[in-house]
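# sequence-free structure coming up:
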């Protein structure tokens with residue numbers, strides 16, 4: 001099952017889809033390559049991803065434990081991890097900054113995720 005997904009914005013090609021799966025895995029799928037999985041970052045069942053957002057060509061994700069991280073699909077790793085400071089994260093949105101949605105309310109993202 002899929003928890004959430006995000007399509008790379010059209011101005012950056014729109015050909016990639018980030019898919020967060022139940023079980024915690026994060027996949028990068030190419031629409032141009034017949035929807036094939038190009039890369040995968042292994043996840044943790046107890047820390048499933050519930051939100052993903054593209055900021056340019058960079059993908060950020062957030063988990064039910066309140067961890068926000070940047071995905072590095074080339075190395076298959078979570079990088080630049082930080083705490084949401086508000087518990088579980090259920091939504092992410094962004095353009096030049098990131099806004100985080102938590103059960104306690106939104107937390108402004110200026111400086112939450114370093115460029």
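Thanks, I have it. Given the structure is predicted, the values throughout are model-derived calculations rather than measurements.

# and the strands in the protein?
Secondary structure of the chain (DSSP state E): strands at 2-7, 16-21, 26-30, 36-41, 49-55, 58-63, 67-72, 77-83, 91-94, 98-102, 105-107.

# so what are the sheet partners of the first one and their directions?
Going back to what we said before, that points to strand 2-7. Using DSSP bridges, the neighbouring strands of strand 2-7 in the sheet come out as strand 16-21 (antiparallel).

# before we move on, what about the fourth one?
Under the criterion DSSP bridges, strand 36-41 sits next to strand 26-30 (antiparallel) in its sheet.

# tell me how far the residue nearest to residue 16 when sequence neighbours are not counted lies from residue 55.
Of all residues beyond its chain neighbours, the one nearest residue 16 is residue 8 (4.1 Å), with distances taken as Cβ to Cβ, 6 or more residues apart in numbering. Where C-beta positions appear, they are placed from N, C-alpha and C, glycine not excepted. As defined by Cβ to Cβ, to the nearest Å, residue 8 lies at a distance of 11 Å from residue 55.

# I'd say the residue nearest to residue 16 and residue 15 touch.
Yes - the pair residue 8 / residue 15 is scored as a contact, 6.6 Å apart, by Cβ atoms under 8 Å.
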